[in-house]
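**Student:** Below: sequence and its predicted model.
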Amino acid sequence: MIAKRYIWYFVLTLLAGIVLLLVMLMRSDQPGAVRRQLETGPRPADLASSQATPVHLYFADKDNQFLMAEERVLKSPKAPEFFARSIVEALIKGPQQGLARTIPAETAVRAVYLTPQGI
């Protein structure tokens, strides 16, 4: 029962962060600012200049009580929106070391947005 509570806390925190991000995008101080949107995978030119970067992805333990870090090495293109997309897609693919998923496998990334401030 406690494990489900922690998962719900994680999901609610994630949703609150998404809502906060959307509110910040809607109330941009610079109305004419260009927002970059990424709806497709990385372009070959972006991957050519990418380098391997270690990241920590967090998944639930077997009892669903705690979040445990799993280190992965992801390609890091120069454009941060491509790197952000690859991190979220790695979370969706799930763990590789016997941990439990924190995001359903059916989830898909539709778009990634960055403000001029890099948020």
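**Tutor:** The structure has been received and is ready for your questions.
**Student:** Helix or strand with the lowest mean pLDDT in the chain?
**Tutor:** strand 36-38 (a mean of 45; mean pLDDT, DSSP states H and E).
**Student:** Pull the residues that contact stretch 8-15.
**Tutor:** For stretch 8-15, the external contacting residues (C-beta atoms under 8 Å, 6 or more residues apart in numbering) are 67, 102. C-beta: built from backbone N, CA, C; applies to glycine.
**Student:** And stretch 101-111, by the same measure?
**Tutor:** Against stretch 101-111 from outside (C-beta under 8 Å, 6+ apart): 7, 10, 37-39, 58-60, 67, 85, 88-89, 91-95.
**Student:** Which residue is the nearest non-sequential neighbour of residue 65?
**Tutor:** Leaving aside its chain neighbours, residue 65 sits nearest to residue 3 (5.0 Å; criterion: C-beta to C-beta, 6 or more residues apart in numbering).
**Student:** so how many other residues sit close to the one you found?
**Tutor:** Neighbour count for residue 3, taken as other C-beta atoms under 10 Å: 15.
**Student:** Over to residue 100?
**Tutor:** Neighbour number of residue 100 under other C-beta under 10 Å is 16.
**Student:** With the one 4 residues further on instead?
**Tutor:** Residue 104 sits with 8 neighbouring residues when counted by other C-beta under 10 Å.
**Student:** Now do the SS call for it.
**Tutor:** The local conformation at residue 104, judged by DSSP: H, G, I helix; E, B strand; the rest coil, is coil.
**Student:** quick one: it from residue 94, how far?
**Tutor:** With distances taken as C-beta to C-beta, to the nearest Å, residue 104 is found 10 Å from residue 94.
**Student:** And the helices in this protein?
**Tutor:** 2-26, 44-48, 80-93 (DSSP state H).
**Student:** can I get those helices in CSV with distance to residue 99?
**Tutor:** Converted to CSV, the helices of the chain look like this (distance: least, C-beta to C-beta, whole Å):
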stretch, distance to residue 99
helix 2-26, 13
helix 44-48, 28
helix 80-93, 12
